[in-house]
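1. Coordinates for the following, if possible.
(4 chains)
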There are 2 protein chains.
Amino acid sequence: MSHRLGTQLSFAIYGVAGRVARMHKPFLDPLGLTFPQYLVMLELYAGTPRYVGDLGTSLGMDTGTITPLLKRLEVSGMITRMRDPKDERCVLINLTPAAEAIKDEVWSIAGRIKSACKIDEAGMIALRDTLNDFARPAVE
Amino acid sequence: MSHRLGTQLSFAIYGVAGRVARMHKPFLDPLGLTFPQYLVMLELYAGTPRYVGDLGTSLGMDTGTITPLLKRLEVSGMITRMRDPKDERCVLINLTPAAEAIKDEVWSIAGRIKSACKIDEAGMIALRDTLNDFARPAVE
DNA sequence: TAATTATAAGTAGCGCGCAATCAAGAAGGT
DNA sequence: ACCTTCTTGATTGCGCGCTACTTATAATTA
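-> The predicted structure is shown next:
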């Protein structure tokens, strides 16, 4: 039977995620960012301040993943972390001037990657939508 | 302008990879396997013995990833690791009876996952092929 | 008000993923 | 036989991702 197809799709998804992250590396290394950190920065460029939990939800990252990641971004001078005076449980994330300084370069990475993917605009849109719908509501 | 689309696609790929792995977890936990270990087992079920390097190449896993992974599979009794007498540099991987015993159940996971993904056969084939072509030749 | 419950982050431990480095065996040439 | 050179894995270190647990603050309820 076709267990085959299911496993092939799992392989394909596993494989493409690694390739995409690796493809970003040469562009991110000079900025001192990892791929997940890059995704966090994109979220922050879209609007600050943001709560830690809000960021985690948007990116699908667990608290055990995003908290140390944010602490590293703080150490590297990209963000500040501050308790919300209104609710001392929450931590507000803001961008530093150093982060704003590389904003355009960070945004430009996507365009430079796109060229290397040999996929047209319509294909990208279709793929994005397919992936965003895929495996969405199930066990989780 | 449309850095947007590129970043959205990166997000989508990052997100779907995590969701797919998480979707497998409830099925893999009872077997004591992680998702990457599951992929390795599928490769091994397709034919043994296999060299470590061969497995790594097939799965796109680095030696620093697959060597400890295989040692854990050995500890959990799924595989054996043996130097090839013909070439002492190479390590041959074989399945144990314990691994053969769960072979059918491991294979069946893909089918059970497929039901939860609300995507038809044609969609799966198209998606698999699109992903396998995507980001393939570029930096790597 | 006091006690309970809920929520937001942080922390520890394990496994994956990658880069860089190392050691051992094999293959080739001299 | 000897000496390079290449190949195969192993190792180390760091960051991500998850689970489970803990702490601190808020909200709720008795």
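
2. Within range of DNA strand D, give me the residues from chain A.
-> Taking C-beta under 7 Å from any atom of the strand as the measure of proximity, chain A contacts DNA strand D at A:34, A:36-37, A:60-65, A:68-69, A:72, A:87-89. In short, each C-beta sits where N, CA and C put it, glycine included.

3. among those residues, which are within reach of DNA strand C?
-> A:63-64, A:68, A:89.

4. Output the residues you listed as TSV; include the columns neighbour count.
-> Putting these into TSV (neighbours: other C-beta atoms under 10 Å in any protein chain shown) gives the following:
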residue	neighbour count
A:Thr63	10
A:Gly64	9
A:Pro68	10
A:Arg89	8
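
5. what's the most distant pair in these?
-> Maximum pairwise distance in these, criterion C-beta to C-beta, is 18.7 Å, between A:Pro68 and A:Arg89.

6. got the buried residues for the longest helix seen in chain A?
-> Under DSSP state H, the helix in chain A containing the largest number of residues is helix A:3-28. Across helix A:3-28, burial judged by 16 or more other C-beta atoms under 10 Å in any protein chain shown covers A:3, A:5-21, A:23-24, A:27-28.

7. Secondary structure element for the residue sitting nearest the centre point of chain A, which one?
-> Centroid-nearest residue in chain A, with C-alpha atoms, centre = their mean: A:Leu39, separated by 2.2 Å. When elements are assigned from DSSP states H and E, A:Leu39 belongs to helix A:35-45.

8. what about that helix and chain B, any contact?
-> Yes: in terms of C-beta under 8 Å from any C-beta of the partner chain, part of helix A:35-45 sits within range of chain B, namely A:35-36, A:39, A:42.

9. hang on, the earlier thing: the longest helix of chain A packs against which elements?
-> The contact analysis (3 or more C-beta pairs under 8 Å, 6 or more residues apart in numbering or on different chains; DSSP states H and E) places helix A:3-28 against helix A:35-45, helix A:103-116, helix B:3-28, helix B:35-45, helix B:103-116, helix B:121-133.

10. As a markdown table, these with distance to A:Arg81 and mean pLDDT would be great.
-> Conversion of those to a markdown table gives the following (distance: least, C-beta to C-beta, whole Å; pLDDT from 0 to 100):
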| stretch | distance to A:Arg81 | mean pLDDT |
| --- | --- | --- |
| helix A:35-45 | 12 | 97 |
| helix A:103-116 | 19 | 90 |
| helix B:3-28 | 23 | 93 |
| helix B:35-45 | 32 | 97 |
| helix B:103-116 | 37 | 90 |
| helix B:121-133 | 36 | 92 |
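
11. As TSV, the ones you listed with distance to A:Phe134 would be great.
-> Putting those into TSV (distance: least, C-beta to C-beta, whole Å) gives the following:
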stretch	distance to A:Phe134
helix A:35-45	18
helix A:103-116	21
helix B:3-28	5
helix B:35-45	16
helix B:103-116	11
helix B:121-133	7
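
12. Please name whichever of those is nearest to A:Asn94.
-> When the helices and strands packed on helix A:3-28 are ranked by distance to A:Asn94, counting by C-beta to C-beta, first place goes to helix A:35-45 at 8.1 Å.

13. buried stuff in that closest one?
-> Residues of helix A:35-45 classed as buried: A:35, A:37-45 (neighbour count, 16+ other C-beta under 10 Å).

14. where's the closest residue to DNA strand D within chain A, which helix or strand?
-> Of all residues in chain A, the one sitting closest to DNA strand D is A:Gly64 (2.4 Å; C-beta to the nearest atom of the strand). With elements delineated by DSSP H and E, A:Gly64 resides in helix A:63-75, which encompasses its position.

15. what's the helix or strand immediately after that helix in the chain packed up against?
-> Using DSSP H and E, the helix or strand that follows helix A:63-75 in sequence is strand A:79-84. Taking 3+ C-beta pairs under 8 Å, 6+ apart as the contact definition, the neighbouring helices and strands of strand A:79-84 are helix A:63-75, strand A:87-95.
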